[in-house]
Each structure stands twice: as C-alpha cells, then as structure tokens.
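J.: Here is a sequence together with a model predicted from it:
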Amino acid sequence: MRVSVVLCTHTLDRYHDFSEAARSIFDQTYDDVELVLVSDGNEAVFERFEEDFSDRDDVVCHCNDENVGLLESRNNGAEVATGDVVAFVDDDAIADERWVEELVDVYEKRDVRAVGGRMTPAWVAGKPAFLPEEFYWLVGVTQRGFGPAGGDEDMPGEVRNTFGSNISFGRETFLELGGFDDDIGGRKGDANLQGGETELAARLDAEYGYRVYYNPDAKVAHKVFDYRTDPVWLLDRAFWQGYSKRGMEVLVPGSTGEESAFLGRLLIDFIPNRVVGLIRNPSLIQAIQLVMLFVFTTAVGLGYLYGIYRWG
C-alpha cells in the first residue's frame, strides 16, 4: 500500500519548520511513502522545493497557479499524488517515525476509508501552566476527552474526524468526494469560518456510511509557537471556534454532535473531578486551570451565540 503525504506551504518565512516537517516524512519506518509538496502560488517556494528535493524519486513537487488557500492546495496535492492513501500534515508539524505505519496498520486490518491519529504538543515557547488539557484543541492538539463515544484520547475507534494535520483517506474515496470544500468560508464571504475536515468527514459518513477511524498511536506533534500561548489569542480563537461550530451546524446539519458530547463530559465529569481534586489537594495552578475552563467555555459559548445571530 502506497501512502502519499501532502505537505503544503506558501512562504519562505516558515521554510525551516516546513523542512523539519518534510524530514519527518523521510524518516518514516514505513517504506512505501511518497511526499507531495505543494507551493500555494509562490514560485520562490517551488524553486526551493526543486533545489532541495529534485534528486529524490519519492517526492512530487507542485505549484498552484495562484494563492488558493490550504484546502484547495491539499486537493491539488491529492490530484497529483499516486498513492492508494492520501494523508495530510501541516508545515508546522513533525510526524512520529511510526505515523504512516500506524495509519496503514488500520487500513490493512479494518474496513475503513479514512484514518487519523493523535496530535501531541511541541511547546516551542514552553507549556502554558494556565491552559487545561480539556482545551488543548485551541492550539491544534488532541484534548483530554477526545475519542470514540464513551472513550477518551487513548482509546482507538470511530470518531467524526481528527485534526486536519493528522488525517488520511483512501485516495479514490477522497477524489470521489471531491476533496475538501475549499469554499467553506468563501461560500458566505466569511474568513472566520473553519472546519474543512469536519465538512469532508460529514460527507464521507453521509455518502458512504464510514467515519474516520482514530488510532492514538499514529502521532503527529504540532508546534505551539509563543503567540499561540497568549491568553488573548486563545480567547479570540475560542470565540471564533464557537462561531464556526454554529456555522457548521447550518452548513452541515448534525455535524457538531461530538462537540455537544464533549461539553456534556466537561460539565458532568471533568469540572466536578477537578473541583474535588482541588479540595483534596489545593494547588494554585489547578485553581487557575479550573477558572480558565469556565473562561474558555464562556468564550466558545459567546462565539456560538454570535454564530446564531450571524447564521440564524
């Protein structure tokens, strides 16, 4: 089984991080891997691709005619790929050496059309003590409580979708579905709307009856830069994530059930357990994290309410 990993970038400003992401794909324990590099309309980036990787027969380089954004870039990468499976990773991520092997293991052993894995944190500027694990999703990391219904982040099984930087599809299925809807935000002229992998996974379920299979051992580390640990940035992201959830409810009815389930666990499980733990073993850090649970939840809720106002 050949796996094509699509890696997109659009500027030389982050080329060092991009190169680390590419090297992590070259270092995979699985042998039959093709790396598809997509420059999003930047000729200088494409020329750097050819300069650095032209001597490799396991690399395909592509340059978009113009800057079209990440989702369409991924679609273009899947079009020129040759693998049986097309996997996606971001240019600020580093794949574990067994990542592809763990994805393939699921495809070979189960009747699946999409497989994803766990996002782990790579704290570039240090781990922020105030950020509770339940809200790691704000920084693109698999949060506490993610997983199959009734499970958690250590349990494999079917989920709606995993993060876009650690998700894969049978290439034929991906192309039949038309890939990511690159007009998710543009459809309503709304750059704040997010959820490309959510929308695609919803179509996968609706058209084929398959969900994404989550393998927690298929790991990709996401670099968390200093600006992503700023409380103001995190609150802003929480607000617009809440807004996006409402937008996705309107555009893809029934697509936000997992968020509702997570909110239920947060209110009836995680928060009460934290309160009990704080009473038994008082800790300033734990107290701050408990407060931030409420703060971030409120920010998401406000964004959702604004989404109701905006989307109806």
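T.: Cool, got the structure.

J.: drop to CA atoms for contacts and neighbour counts, all remaining ones
T.: Noted.

J.: who's G117 bridged to?
T.: Note on G117: beta-bridge partners by DSSP bridges are N215.

J.: residues in contact with it?
T.: 103, 162-163, 166-167, 214-220 (Cα atoms under 8 Å, 6 or more residues apart in numbering).

J.: How confident was the prediction at it?
T.: Looking at G117, its pLDDT stands at 98.

J.: And for G189?
T.: Looking at G189, its pLDDT reads 44.

J.: Check E34 too.
T.: Looking at E34, the pLDDT reads 98.

J.: just checking, it touches G77?
T.: No: using Cα atoms under 8 Å, E34 makes no contact with G77, being 11.3 Å away.

J.: So for those two, which residue has more residues nearby?
T.: Taking other Cα atoms under 10 Å, E34 and G77 do not tie; G77 has more neighbours (28 against 21).

J.: Give the next helix or strand downstream of the helix or strand where that one lies.
T.: If you go by DSSP states H and E, G77 is part of helix 70-80. Using DSSP H and E, the helix or strand that follows helix 70-80 in sequence is strand 85-89.

J.: For whatever helix or strand comes next after that next one, which strands pair with it and how are they oriented?
T.: Downstream of strand 85-89, the next assigned helix or strand under DSSP H and E is strand 93-95. Under the criterion DSSP bridges, strand 93-95 sits next to strand 212-224 (antiparallel) in its sheet.

J.: For the partner strand, what does the pLDDT average out to?
T.: Strand 212-224 comes out at a mean pLDDT of 97.

J.: Using PDB, write out the CA atom coordinates for the helix or strand of the chain with the lowest mean pLDDT.
T.: Ranked by mean pLDDT, DSSP states H and E, the weakest helix or strand in the chain is helix 257-265, scoring a mean of 73. Backbone C-alpha positions of helix 257-265 (Å, rounded to 0.1, in the frame of the first residue of the first chain) are rendered in PDB as follows:
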ATOM      1  CA  GLY A 257     -22.700  16.200  17.900                       C
ATOM      2  CA  GLU A 258     -19.200  15.400  19.200                       C
ATOM      3  CA  GLU A 259     -18.800  19.000  20.500                       C
ATOM      4  CA  SER A 260     -22.100  18.600  22.400                       C
ATOM      5  CA  ALA A 261     -20.900  15.300  23.800                       C
ATOM      6  CA  PHE A 262     -17.600  16.900  24.800                       C
ATOM      7  CA  LEU A 263     -19.400  19.800  26.500                       C
ATOM      8  CA  GLY A 264     -21.500  17.200  28.500                       C
ATOM      9  CA  ARG A 265     -18.400  15.400  29.700                       C
END
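
J.: just checking, what packs against it?
T.: Helix 257-265 is packed against no helix or strand, with contacts defined by 3 or more Cα pairs under 8 Å, 6 or more residues apart in numbering; DSSP states H and E.

J.: Now do it: distance to the chain's middle.
T.: Put simply, helix 257-265 sits 18 Å off its chain's centre (Cα atoms, centre = their mean, to the nearest Å).

J.: if we can go back for a sec, now the helix holding G77: how far from the chain's centre is it?
T.: 16 Å.
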